[in-house]
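> Generate a structure from the sequence data that follows.
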Amino acid sequence: MVTANRMKGIEKTDQVRIEELRKAKDRRPFSPFSIRMADGKELEVRHPDAVAWGSDRSRIVWYISPSDDWVTIDIALVTSLAGPAPSPSPSGDSPAADPGAEGNGD
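Next comes the predicted model:
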C-alpha cells in the first residue's frame, strides 16, 4: 500500500523515516504539521523544537505536546505526516526550488 502525504516531497510505503520527519521539521518558513500514528492518533507539531531524536538511525522520537507533555514515539509506528500544502513564493518560484539558483533564467 502506498500512501502519499500532503507535505511536498514526502511519499512513503508503510512508515515514516527520520529523514522525512527532519524535512518537515526543518522546512523554512516552518509550517505546523501532524504526526499520524498507527493507532490513529495525530500529534500536532506547532513548533520545530517540539520534536527531537538522537541520530539518523534512531527509532525513538520525543514529542512535546501543546499541553507540554512529553511523549516517546517509536518511529516505526508513525504512518504518515500531514501538513498544509506549500504555498508558492511571491516570485512564483516553487518552494522546493534550489536555494542556490539565481533569478528565473532571464
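
> for the chain, what spans make up the strands?
Using DSSP state E, the strands of the chain run over 3-4, 11-12, 33-37, 42-45, 51-53, 60-64, 70-74, 78-82.

> now, of those, which is deepest in the fold?
Sort the strands of the chain by mean neighbour count, taking mean count of other CB atoms under 10 Å, and strand 33-37 sits at the top with a mean of 21. Quick note: C-beta positions are derived from backbone N, CA and C, even for glycine.

> still on that earlier bit, can you tell which of the strands of the chain is closest to residue 25?
Distance to residue 25, taken as CB to CB, is lowest for strand 51-53 among these, at 5.7 Å.

> quick one: strands adjacent to that closest one?
Sheet partners assigned to strand 51-53 using DSSP bridges are listed as strand 60-64 (antiparallel).

> mean confidence score for the strand it pairs with?
Strand 60-64 shows a mean pLDDT of 94 in the predicted model.

> Give me the residues contacting it.
Residues from elsewhere that reach strand 60-64 (CB atoms under 8 Å, 6 or more residues apart in numbering): 18, 21, 35, 43, 45, 49-54, 70-75, 78.

> Spit out the contact partners of the closest residue to residue 77 other than its chain neighbours.
Spatially, and ignoring its direct neighbours in sequence, residue 77 is nearest to residue 38 (4.6 Å; CB to CB, 6 or more residues apart in numbering). By CB under 8 Å, 6+ apart, the contact set of residue 38 is 77-79.

> Spit out the contact partners of residue 36.
Going by CB under 8 Å, 6+ apart, residue 36 touches 42, 78-82.

> any idea how far it is from residue 24?
Here the criterion is CB to CB, to the nearest Å. By it, residue 36 lies 12 Å from residue 24.

> can you list residues touching both of those two?
residue 81.

> Number of residues surrounding residue 76?
Applying other CB atoms under 10 Å, we find 13 residues neighbouring residue 76.

> Show me the shaky parts of the chain.
1-15, 84-106 (pLDDT under 70).

> Phi first, then psi, for residue 66.
Backbone torsions of residue 66, given as degrees, to the nearest 10, read phi -60, psi -20.
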